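S.K.: here are the coordinates; sequence isn't available:
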Ligand code: PLP
């Protein structure tokens, strides 16, 4: 019935300022809950770590049986302002108690407040905001807007969408077609011939990081600029935490301008301070034509946003680009409170500072285990440690999984490894994590690697 071992493992007790583990893992009392989930949910849901969350505050997660973890997942890069922030909970309760839970088809004052706030926060010329619920909806909308624009300026041939190998943009059909993980889209069978993926210039698995290589690859695939409506990339790639080289980004911007191609950054993971700047693309010194946001926008409730130019956003007539939960008032209240926290507490800057500590520690760990830690990537409070078969670049998913499992047993929470071959140990602490907890987390990770290798 299970794809994950549900047998509790006896683990040494842990008690520090930040962590407490006092039961076997998984907790024996949690097994019936996990079994119930396995029985009632699709098997695809079994990729989750076997920790049944009860409460989460700041950078810590607690279960019902007295265990506390330092969280290096932020849920799944959602809790940027920290878990369970009282300010956000209060805003949600106040909005709910006002008894406006839903008002689709009609405007609300609070929705007007949020879109104005986001439009001001985004750089020019991104001054229109379309609220949705999930990240995948924003990438679907991005495809639609880019294609519509492409047809308007270049006719029916200019509909191509270029994206990246290894990319993840969500699990709906369009999002999976532009995704760069073949196994996720096999089921579609007849993939759109006007969508192509090119290698992501990460400097590790793709060593030619030049923009010329991008152009050469497109040419080989038969995708000239007259056939391309949009280029979409995660600002950093979720599966690896790799960023584009800055020069590549700047050449991309100029090339998209030259050929009237919509440049889209999928900021679903990168926005709202995660990388040490409010928007991830600030590292590149360029502004996209459209960005997709989600996850950290509320630090908890489901809300997402497309933020783009008036030219792109106003292509559809009234009533033709909407969604039932657009601007749900409770989610909007959470977003406003979250944005207050991010700005008042300078969380992007704090993420940059704590990120220095995180990345320095990861570099050390990597040099200690250079044979199996192929690369360490990321900026601010996101990192990817690439676990490989000794001495090469072939992903070692088994070792990566074991590192994550051993970390969880020691009170450091991470989600299952991601990326190429499922071997990237992904690190994404809430931005409020104090440096001492980052240092403690690094020590736990070091122990976990040593144990997983022994
Ligand atoms: N884009 C990126 C970069 C993501 O990481 C994700 C989710 O992990 C998505 C899009 C899809 O977001 P959602 O799961 O909210 O649909």
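M.R.: Thanks, I have it. Remember, predicted model here, so these are calculated numbers, not experimental data. Residues are numbered from 1 along each chain as shown.
S.K.: For the closest residue to the ligand within the stretch 1-150 of the chain, which residues are in contact?
M.R.: Closest residue of the stretch 1-150 of the chain to the ligand, C-beta to the nearest ligand atom: residue 135 (2.3 Å). C-betas here are computed from N, CA, C, even on glycine. Residues counted as contacts of residue 135 (C-beta atoms under 8 Å, 6 or more residues apart in numbering) are 169-170, 266, 268, 292, 294-295, 304.
S.K.: Any figure for the gap between it and residue 303?
M.R.: Using C-beta to C-beta, to the nearest Å, residue 135 is found at 10 Å from residue 303.
S.K.: Spit out the residues that contact the two alike.
M.R.: residue 294.
S.K.: Point out where the chain drops to low pLDDT.
M.R.: For the chain, the stretches with pLDDT under 70 are 1-5.
S.K.: how about the residues of it near the ligand?
M.R.: Contacts of the chain with the ligand, taken as C-beta under 6 Å from any ligand atom, map to 76, 134-136, 139, 168-170, 234, 238, 266, 268-269, 294.
S.K.: and the residues you listed, which are buried?
M.R.: 134-136, 139, 168-170, 234, 238, 266, 268-269, 294 (16 or more other C-beta atoms under 10 Å).
S.K.: tell me the centre residue of this protein?
M.R.: Centroid-nearest residue in the chain, with C-alpha atoms, centre = their mean: residue 269, separated by 2.9 Å.
S.K.: ok, it - contacts?
M.R.: If you count contacts by C-beta under 8 Å, 6+ apart, residue 269 has them with 77, 234-236, 238, 280, 295-296, 382, 428.
S.K.: and what of residue 108?
M.R.: Going by C-beta under 8 Å, 6+ apart, the list of residues near residue 108 reads 100, 327, 329, 332.
S.K.: Which of those residues are buried, as a ChimeraX select command?
M.R.: Buried residues among these (16+ other C-beta under 10 Å), as a ChimeraX selection:
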select :327,329,332
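S.K.: Mark which of the contacts of residue 108 are part of helices, please.
M.R.: 329, 332 (DSSP state H).
S.K.: Can you show me the strands along the stretch 201-350 of the chain?
M.R.: According to DSSP state E, counting those that start in this stretch, the stretch 201-350 of the chain carries its strands in the segments 228-234, 236-237, 242-243, 262-266, 290-293, 304-308.
S.K.: The last one pairs with which strands?
M.R.: By that I understand strand 304-308. Take DSSP bridges as the rule and strand 304-308 pairs in its sheet with strand 128-132 (antiparallel), strand 290-293 (antiparallel).
S.K.: Quick check: the gap between residue 231 and residue 195.
M.R.: 11 Å.
S.K.: Overlap of the contact sets of the two?
M.R.: Applying C-beta under 8 Å, 6+ apart, one finds that residue 231 and residue 195 are jointly contacted by 161-163.
S.K.: And those residues, which is closest to the ligand?
M.R.: The ligand lies nearest to residue 163 out of those, by C-beta to the nearest ligand atom, at 11.0 Å.
S.K.: Please identify the helix or strand for that closest one.
M.R.: Assigned by DSSP states H and E, residue 163 belongs to strand 160-164.
S.K.: follow-up on the earlier one: nearest to residue 91, of the contacts of residue 269?
M.R.: For the contacts of residue 269, the residue nearest residue 91 by C-beta to C-beta is residue 296; the value is 15.9 Å.
S.K.: and the closest one, how many neighbours does it have?
M.R.: 29 (other C-beta atoms under 10 Å).
S.K.: so who does it touch?
M.R.: Taking C-beta under 8 Å, 6+ apart, one finds 74, 77-81, 269, 271-274, 338 in contact with residue 296.
S.K.: possible to save the residues you listed as JSON lines with distance to residue 116?
M.R.: Converted to JSON lines, the contacts of residue 296 look like this (distance: C-beta to C-beta, whole Å):
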{"residue": "74", "distance to residue 116": "27"}
{"residue": "77", "distance to residue 116": "26"}
{"residue": "78", "distance to residue 116": "23"}
{"residue": "79", "distance to residue 116": "25"}
{"residue": "80", "distance to residue 116": "21"}
{"residue": "81", "distance to residue 116": "20"}
{"residue": "269", "distance to residue 116": "25"}
{"residue": "271", "distance to residue 116": "17"}
{"residue": "272", "distance to residue 116": "17"}
{"residue": "273", "distance to residue 116": "20"}
{"residue": "274", "distance to residue 116": "23"}
{"residue": "338", "distance to residue 116": "16"}
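S.K.: picking up where we left off before, so of the strands paired with strand 304-308, which one's packed in deepest?
M.R.: Highest mean neighbour count among the strands paired with strand 304-308 (mean count of other C-beta atoms under 10 Å): strand 290-293, with a mean of 28.
S.K.: List the buried residues in stretch 139-159.
M.R.: For stretch 139-159, by 16+ other C-beta under 10 Å, it's 139-143, 145-150, 154, 158-159.
S.K.: related to what we said a few turns ago, what's the closest of the strands paired with strand 304-308 to residue 181?
M.R.: Between these, strand 290-293 lies closest to residue 181; by C-beta to C-beta that is 17.6 Å.
S.K.: ok but residue 356 is inside a helix, no?
M.R.: Yes - assessed by DSSP: H, G, I helix; E, B strand; the rest coil, residue 356 belongs to a helix.
S.K.: Please tell me how far it sits from the ligand.
M.R.: Using C-beta to the nearest ligand atom, to the nearest Å, we find residue 356 at a distance of 24 Å from the ligand.
S.K.: So between residue 231 and residue 195, which is more surrounded?
M.R.: Counted by other C-beta under 10 Å, residue 231 and residue 195 do not tie: residue 231 has more neighbours, with 25 against 19.
S.K.: Who is that one paired with across the strands?
M.R.: residue 162, residue 263.
S.K.: what's the closest of the residues of the chain next to the ligand to residue 181?
M.R.: Checking the residues of the chain next to the ligand against residue 181 with C-beta to C-beta, the nearest one is residue 168 at 6.6 Å.
S.K.: Please give me every residue in contact with that closest one.
M.R.: 179-181, 184, 234, 238-239.
S.K.: repeat that with 10 Å
M.R.: 135-136, 139, 175-176, 178-181, 184, 234, 237-239, 266, 268-269, 418-419 (C-beta atoms under 10 Å, 6 or more residues apart in numbering).
S.K.: Name the residue of the stretch 351-454 of the chain with the shortest distance to the ligand.
M.R.: For the stretch 351-454 of the chain, C-beta to the nearest ligand atom, closest residue to the ligand: residue 418, 9.1 Å.
S.K.: So that residue sits against residue 167, correct?
M.R.: No - with contacts counted by C-beta atoms under 10 Å, residue 418 stays clear of residue 167, the gap being 12.0 Å.
S.K.: list the residues that contact both of these two?
M.R.: In contact with both residue 418 and residue 167: 181, 237-239, using C-beta under 10 Å, 6+ apart.
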